[in-house]
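Enquirer: Quick one: sequence and predicted model below, then my questions.
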4 protein chains.
Amino acid sequence: MRADARRNRDRITAAALALVAERGPEVPMEEIARAAGLGVGTLYRHFPDRGALLEEISVAGLVDLRDAARALLDAGGPPWAAVEGFVAHCAGRPLALIKALAETVPAPPEREELQGEVDTLMLRMVGAAQAAGALRADLAPADAVAVLSAVVCRPGVRAGDALTTVLLDGLRAR
Amino acid sequence: MRADARRNRDRITAAALALVAERGPEVPMEEIARAAGLGVGTLYRHFPDRGALLEEISVAGLVDLRDAARALLDAGGPPWAAVEGFVAHCAGRPLALIKALAETVPAPPEREELQGEVDTLMLRMVGAAQAAGALRADLAPADAVAVLSAVVCRPGVRAGDALTTVLLDGLRAR
Amino acid sequence: MRADARRNRDRITAAALALVAERGPEVPMEEIARAAGLGVGTLYRHFPDRGALLEEISVAGLVDLRDAARALLDAGGPPWAAVEGFVAHCAGRPLALIKALAETVPAPPEREELQGEVDTLMLRMVGAAQAAGALRADLAPADAVAVLSAVVCRPGVRAGDALTTVLLDGLRAR
Amino acid sequence: MRADARRNRDRITAAALALVAERGPEVPMEEIARAAGLGVGTLYRHFPDRGALLEEISVAGLVDLRDAARALLDAGGPPWAAVEGFVAHCAGRPLALIKALAETVPAPPEREELQGEVDTLMLRMVGAAQAAGALRADLAPADAVAVLSAVVCRPGVRAGDALTTVLLDGLRAR
DNA sequence: AATGAATGAGCTTTCATTCAT
DNA sequence: AATGAATGAAAGCTCATTCAT
């Protein structure tokens, strides 16, 4: 792939991410192109249709999530620190968007798989924290994961804000 | 207003609520009309444009919220019970939708005012719970309200589900 | 169907027939609409997409062909007269167009069936003429039908012109 | 012109001929280029626009036709044999396409002239056959030429097929 | 008053053509 | 000279809204 094509592709995904986050998944393709400083035709050369573009965005988000979860688990610190670190990592990322897209765009196999990896990693994270007695034991691991996901995916969450504080306190073993 | 007109109007708002909740705020007007068992023309007789219809939905939701909050406060029970009662009341209502609309559709004065009333009532509810020592005191009331909103605005929220439990536990004074 | 809708539908098919015959099956939909004195939206209300419109045209053409063939057979005149009459009927109709469409647009069951009826009727017509000793016997009936179709479908054929004269003389038994 | 440029040009016209015959005159330029194993840029280096490419195709077809007609006339065999030879020569060539293009693409002077030459040659061929008593005399030469064109321009024509047989028999003097 | 047909602006997508690499 | 990326105009189609029936 030519260097300029690569650069343009990246500009497009960045612009799309920003605009979709701000205005929803129906922003005119032309605006995305304009925001990327390109013509629509170029956008369509890189992504055959809107679906492909949205897919790219959601996949990139999941990759980021998976990598973060994996790094925290591999770091080998205290399990609860991994949970806190994960929440901090997610805060401020447009996960709401990614989740919304995951519901809108039909999932390609690639994304199914990624979603599965993320789920598995989060389950391990939560399970380890429970095993260490840091996370309350009266929740099924899957429920704890669901709680984490739900909070972390709200637009505008920030590490240390009231919601994450309450969430982490609510999850902690007494 | 004639009885049949009233009935038609109600059918329209019900259909719109259901369809917007299910398919997003861009559902074709024609589908809303069809779901209501009416022609588009009739829909437009009741609501001059899509904005007015969405507004109606969100206003109706806020009215319901305000009335519930007010009733719980007026009931005079223990303050924490009011908080739990509020969560229970909201369960199963499409508040997420209403909130989303509130961000999408420009707010008419009527809704601004309603929103203000709801905010005030929730602040009173939270303040009372803090005064009674039931709700942790290290949170600004406005932050506690934000957390409560987050609990209540999840689509599909149920009283007693994992997230509700965790967040209410996190809000409680130790 | 309302009277005005019916009228508009007919205008659309007439305009489409003329324009497609003149400029090929890719004429802008907007031009067809304009030629019919209508907006594009109306065109699309009647035909969900270009394919549906082309289909309508080709089906109408086949119906006409079938009816003509049937009438000539039922008239009970001399078999060769039916063949001549059929050629005369077809001359000047945009059958080339219909045939071209039949190759372009994927055939719906309705058209398959019509095509079958036309084929059957033409085979009967040709078979009768052979049985009567009017049409040369060294041609398989299906070949004779193919010859007839091919000539009759050329744009611009006219009854009595050189091509039809030569065709009929060439088909006649010596 | 360099040998490779020549080769590229020929590949392009061959690919264009095949694709246009198969899919109509609106095949994307990019597909023609791909079929020729080249980039679009190279295609445009050889032909300034689509019109020029189509023109090239139709001109090449007419040149072939003219040369064949001329050779048959110059061969000095029996006039009717020239007619049959002409039909045989055309079999398998996409003359229908060439004719269609001749109607679609505005004719440059070069093609006008070629067309004129072909017409003249065919008229001479037909005239000679009439003079020899082989071709029926009750047709104007131009009409006989039109019939001959019809024979020869069918896509898929083969010497000896049903239509060719019927029409040549129809043309023959009794 | 209800209906649903007509309108036309707006968005998606395609593709001829140009031009940087 | 060849390539294939970028452009933007044009065409298909959808849908909010209006208005004749």
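Expert: That came through fine.
Enquirer: mind listing what's buried in the helix or strand encompassing residue A:59?
Expert: Residue A:59 is part of helix A:50-75 when elements are defined by DSSP states H and E. In terms of neighbour count (16 or more other CB atoms under 10 Å in any protein chain shown), helix A:50-75 has its buried residues at A:50, A:53-59, A:61-62, A:64-66, A:68-69, A:72-73. Glycine gets a C-beta too; all of them are placed from N, C-alpha and C.
Enquirer: Return the distance of that helix from the chain's centre.
Expert: Centroid separation for helix A:50-75 versus its chain: 6 Å, with CA atoms, centre = their mean, to the nearest Å.
Enquirer: ditto for stretch A:31-44
Expert: Its chain's C-alpha centre and that of stretch A:31-44 lie 24 Å apart, by CA atoms, centre = their mean.
Enquirer: Return the residues in contact with the closest residue in space to residue A:11 that isn't next to it in sequence.
Expert: Nearest residue to residue A:11, sequence neighbours excluded (CB to CB, 6 or more residues apart in numbering or on different chains): residue A:36, at 4.2 Å. Taking CB atoms under 8 Å, 6 or more residues apart in numbering or on different chains, we find residue A:36 in contact with A:8, A:11-12, A:14-16, A:43.
Enquirer: Domain boundaries for chain A, per the record?
Expert: A:1-47, A:55-171 (automatic domain parsing).
Enquirer: which one of these is the most hemmed in?
Expert: Of all those, domain A:55-171 has the most neighbours on average by mean count of other CB atoms under 10 Å in any protein chain shown, namely a mean of 18.
Enquirer: How about it and chain B, touching?
Expert: Yes - shown here: domain A:55-171 in contact with chain B (CB under 8 Å from any CB of the partner chain) through A:139-140, A:143-144, A:146-147, A:150-151, A:154, A:161-163, A:165-171.
Enquirer: now that domain: how far from the chain's centre is it?
Expert: Domain A:55-171 sits 8 Å away from the centroid of its parent chain (CA atoms, centre = their mean).
Enquirer: now it: mean pLDDT?
Expert: Averaging pLDDT along domain A:55-171 gives 91.
Enquirer: First-to-last residue distance for it?
Expert: Chord length of domain A:55-171, first to last residue, is 32 Å (CA to CA, to the nearest Å).
Enquirer: where's the residue in chain A that chain D sits nearest to relative to residue A:9, distance?
Expert: Distances between chain A and chain D by CB to the nearest CB are smallest at residue A:45, namely 11.0 Å. Residue A:45 is 9 Å from residue A:9, where distance means CB to CB, to the nearest Å.
Enquirer: again, but for residue A:149
Expert: From residue A:149 over to residue A:9 the distance is 29 Å, taken as CB to CB.
Enquirer: Put the alpha carbons of the one helix or strand the residue of chain A closest to chain D maps to into CSV.
Expert: Per DSSP H and E, residue A:45 falls inside helix A:40-46. What follows is helix A:40-46 as a C-alpha-only set of coordinates in CSV (Å, rounded to 0.1, in the frame of the first residue of the first chain):
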residue,chain,number,x,y,z
VAL,A,40,-16.0,11.0,-1.1
GLY,A,41,-14.6,8.9,-3.9
THR,A,42,-11.4,8.3,-1.9
LEU,A,43,-13.4,7.3,1.1
TYR,A,44,-15.3,4.7,-1.0
ARG,A,45,-12.0,3.4,-2.5
HIS,A,46,-10.9,2.5,1.0
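Enquirer: residues making contact with it?
Expert: Outside helix A:40-46, the residues that reach it (CB under 8 Å, 6+ apart) are A:5, A:8-9, A:12, A:29-30, A:32-33, A:36, A:53.
Enquirer: how about it, does it reach DNA strand E?
Expert: Yes - using CB under 7 Å from any atom of the strand, helix A:40-46 reaches DNA strand E at A:40-41, A:44-45.
Enquirer: so how far is that helix off the chain centroid?
Expert: With CA atoms, centre = their mean as the basis, helix A:40-46 stands 25 Å off its chain's centre.
Enquirer: and that helix, anywhere near DNA strand F?
Expert: Yes - using CB under 7 Å from any atom of the strand, helix A:40-46 reaches DNA strand F at A:40-42, A:44-46.
Enquirer: Kindly reformat those residues as TSV containing pLDDT.
Expert: Shown next, in TSV, are the residues of helix A:40-46 next to DNA strand F (pLDDT from 0 to 100):
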residue	pLDDT
A:40	96
A:41	95
A:42	96
A:44	96
A:45	95
A:46	96
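Enquirer: Widest-spaced pair of those residues?
Expert: A:40 and A:46 (10.9 Å; CB to CB).
Enquirer: The closest residue to residue A:70 other than its chain neighbours: which element?
Expert: Take residue A:70 and drop its neighbours on the chain: the residue closest to it by CB to CB, 6+ apart is residue A:121, 6.0 Å away. With elements taken from DSSP H and E, the one containing residue A:121 is helix A:109-131.
Enquirer: quick one, what contacts the residue of chain A found nearest chain B?
Expert: Relative to chain B, the nearest point of chain A is residue A:170 (2.8 Å; CB to the nearest CB). Contact analysis of residue A:170 by CB under 8 Å, 6+ apart lists B:165-171.
Enquirer: wait, which of those residues is closest to chain C?
Expert: When the contacts of residue A:170 are ranked by distance to chain C (CB to the nearest CB), residue B:167 comes first, at 48.8 Å.
Enquirer: Run the angle between the helix or strand hosting that closest one and helix A:162-171 for me.
Expert: Here residue B:167 sits within helix B:162-171, counting by DSSP H and E. Orientation check (axes from the mean of the first three to the mean of the last three CA atoms, to 10 degrees): helix B:162-171 against helix A:162-171 gives 100 degrees.
Enquirer: tell me the angle helix B:162-171 makes with helix B:109-131.
Expert: Using the same axes, to 10 degrees: helix B:162-171 against helix B:109-131 is 60 degrees.
Enquirer: before we move on, back to that, I'd like to know which elements the helix holding residue A:121 is packed against.
Expert: Identification of packing neighbours for helix A:109-131 by 3 or more CB pairs under 8 Å, 6 or more residues apart in numbering or on different chains; DSSP states H and E yields helix A:50-75, helix A:79-90, helix A:141-152.
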